[in-house]
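> no FASTA, just this:
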Ligand SMILES: Nc1ncnc2c1ncn2[C@@H]1O[C@H](COP(=O)(O)OP(=O)(O)OP(=O)(O)O)[C@@H](O)[C@H]1O
């Protein structure tokens with residue numbers, strides 16, 4: 001579904017991505033973890049075409065990404081949703097539908113509107129909604145067109161425990177339906193629940209990429225939080241493993 005090779009990105013003197021290789025297959029969830037500033041959001045934005053890498057290759061469904069068309073097959077939930085404040089969620093959904101061709105939008109997934117009980121909020125200006133409710137709107141938009149790939153940047157941040165559970169159930173349902181999910185999170189228990197594979201990004205380099213259970217085994221730990229902390233504090237990292 002997604003293949004990233006030798007991806008490099010600098011912002012001025014800062015070398016933010018230093019030759020990143022990653023792969024994500026259909027029906028799998030890959031969690032991108034790493035310290036603040038490691039380059040996770042920059043990597044995600046590169047996949048989405050929102051940041052232009054300096055070198056390297058990103059392939060989506062076998063094709064090198066170029067132009068905008070491929071993004072119609074990707075659902076994105078950004079870390080912080082910036083909405084046109086005077087619009088309502090209903091306006092925003094209608095605009096997104098208008099921007100797409102009719103065939104692609106006929107089969108919409110609005111399950112989360114019901115699960116999150118968002119109906120009463122759909123016609124209020126987005127600026128009047130609470131942070132968590134805006135985050136739920138954000139989630140609805142990401143899943144709306146049944147994308148092949150979901151890119152979720154800290155998706156449960158700001159959600160209450162019940163809503164967070166609803167979103168996690170949705171991610172698992174999409175995985176079961178054969179979709180791929182690339183997510184970032186600093187909550188290791190959440191990654192244990194959701195992810196098949198984990199990629200540890202440190203200072204723009206992938207220091208581990210493999211199955212969550214392989215990382216636990218290699219570290220001798222039972223919890224991912226401990227395993228990642230152990231890797232981060234080690235002088236030398238374990239060699240990268242191919243995802244299964
Ligand atoms: N547009 C930009 N211009 C200059 N520097 C940037 C830009 N975007 C990101 N950076 C820098 O790139 C580095 C990586 O940032 P990025 O947001 O990708 O990290 P992250 O791993 O997502 O961090 P966090 O866990 O805190 O969200 C940081 O040092 C950041 O300051």
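That came through fine. Keep in mind the model is a prediction, meaning the values are calculated, not measured.
> what does this structure have sitting close to the ligand?
Neighbours of the ligand within the chain, by CB under 6 Å from any ligand atom: 11, 14, 16, 34, 36, 37, 38, 39, 40, 41, 42. All C-beta spots, glycine's among them, are computed from the backbone N, C-alpha and C.
> Pull the most distant pair out of those residues.
Using CB to CB, the residues of the chain next to the ligand span at most 16.8 Å, a distance reached by 11 and 34.
> Mind checking which of the two has more residues around it?
Neighbour count, other CB atoms under 10 Å: between residue 11 and residue 34, residue 34 has more, with 23 against 11.
> Would you indicate which residues of stretch 63-79 are buried?
Buried positions in stretch 63-79, judged by neighbour count with 16 or more other CB atoms under 10 Å: 65, 70, 71, 74, 75, 76, 77, 78, 79.
> Can you tell me which of those is nearest residue 183?
Closest to residue 183, out of all of these and judged by CB to CB, is residue 77, at 8.6 Å.
> Would you mind measuring from that closest one to residue 148?
15 Å (CB to CB, to the nearest Å).
> Equivalent analysis for residue 61, please.
Counting by CB to CB, the gap from residue 61 to residue 148 is 7 Å.
> could I get the buried residues of stretch 63-79 as JSON lines with secondary structure, distance to residue 181 and pLDDT?
Listed next are the buried residues of stretch 63-79 as JSON lines, based on DSSP: H, G, I helix; E, B strand; the rest coil; distance: CB to CB, whole Å; pLDDT from 0 to 100:
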{"residue": "65", "secondary structure": "coil", "distance to residue 181": "18", "pLDDT": "89"}
{"residue": "70", "secondary structure": "helix", "distance to residue 181": "17", "pLDDT": "85"}
{"residue": "71", "secondary structure": "helix", "distance to residue 181": "16", "pLDDT": "86"}
{"residue": "74", "secondary structure": "strand", "distance to residue 181": "11", "pLDDT": "94"}
{"residue": "75", "secondary structure": "strand", "distance to residue 181": "9", "pLDDT": "94"}
{"residue": "76", "secondary structure": "strand", "distance to residue 181": "12", "pLDDT": "94"}
{"residue": "77", "secondary structure": "strand", "distance to residue 181": "10", "pLDDT": "94"}
{"residue": "78", "secondary structure": "coil", "distance to residue 181": "15", "pLDDT": "90"}
{"residue": "79", "secondary structure": "coil", "distance to residue 181": "16", "pLDDT": "83"}
